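A.B. asks: Give me a 3D structure for the following:
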Amino acid sequence: MSFQITTINKSGPYEADLDITSFCGSKEKGMCLQLTQGLGGLDTPGYIQLTKDDARTLINVFNKWLGRYV
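C.D. replies: Coordinates of the predicted model:
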């Protein structure tokens, strides 16, 4: 089961829409996130999948990065 959480319009250097989707991973991984931008290839990145632990780590990285520039 999956559902789209939101879309960030014209995101990143390619100004492509970034879709954020929640989906059910394996029993061990639980609910996961997928970030999708384009189809993959030379001009658009494609997608990445994150577990909840990955997302927590990424949030910490973002907070540190934002603290430097905000």
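A.B. asks: hey, let's count contacts and neighbours off CA atoms from now on
C.D. replies: Will do.
A.B. asks: can you list the residues that contact stretch 30-37?
C.D. replies: When contacts are defined by CA atoms under 8 Å, 6 or more residues apart in numbering, stretch 30-37 is touched by residues 16-25, 44-52, 55.
A.B. asks: ok, now with 10 Å
C.D. replies: Contacts to stretch 30-37, defined as CA atoms under 10 Å, 6 or more residues apart in numbering, come from residues 1-5, 7-8, 10-12, 14-26, 44-55.
A.B. asks: Just the buried ones from these?
C.D. replies: Among these, those classed as buried by 16 or more other CA atoms under 10 Å are 16, 18, 19, 20, 21, 22, 23, 25, 44, 49, 50, 51.
A.B. asks: from the residues you listed, which ones fall inside strands?
C.D. replies: Judged by DSSP state E, the subset of the buried ones among the contacts of stretch 30-37 located in strands is 16, 18, 19, 20, 21, 22, 23, 49, 50.
A.B. asks: quick one: the residue nearest to residue 16 when sequence neighbours are not counted from residue 24, how far?
C.D. replies: Leaving aside its sequence neighbours, residue 16 sits nearest to residue 10 (CA to CA, 6 or more residues apart in numbering; 4.5 Å). From residue 10 across to residue 24, the span is 27 Å (CA to CA, to the nearest Å).
A.B. asks: Which residue ranges of the chain form strands?
C.D. replies: Assigned by DSSP E, the chain shows strands spanning 2-11, 16-24, 31-37, 46-50.
A.B. asks: What distance do you get for the closest residue to residue 4 other than its chain neighbours to residue 6?
C.D. replies: The shortest distance from residue 4 to any residue other than its chain neighbours is 4.2 Å, reached at residue 21 (CA to CA, 6+ apart). As judged by CA to CA, residue 21 and residue 6 stand 7 Å apart.
A.B. asks: So residue 34 versus residue 47, what's the distance?
C.D. replies: For residue 34, the distance to residue 47 (CA to CA) stands at 7 Å.
A.B. asks: okay, and the common contacts of these two?
C.D. replies: In contact with both residue 34 and residue 47: 19, 20, using CA under 10 Å, 6+ apart.
A.B. asks: Pairing partners for residue 6 in the sheet, please.
C.D. replies: Counting by DSSP bridges, residue 6 is bridged to residue 20.
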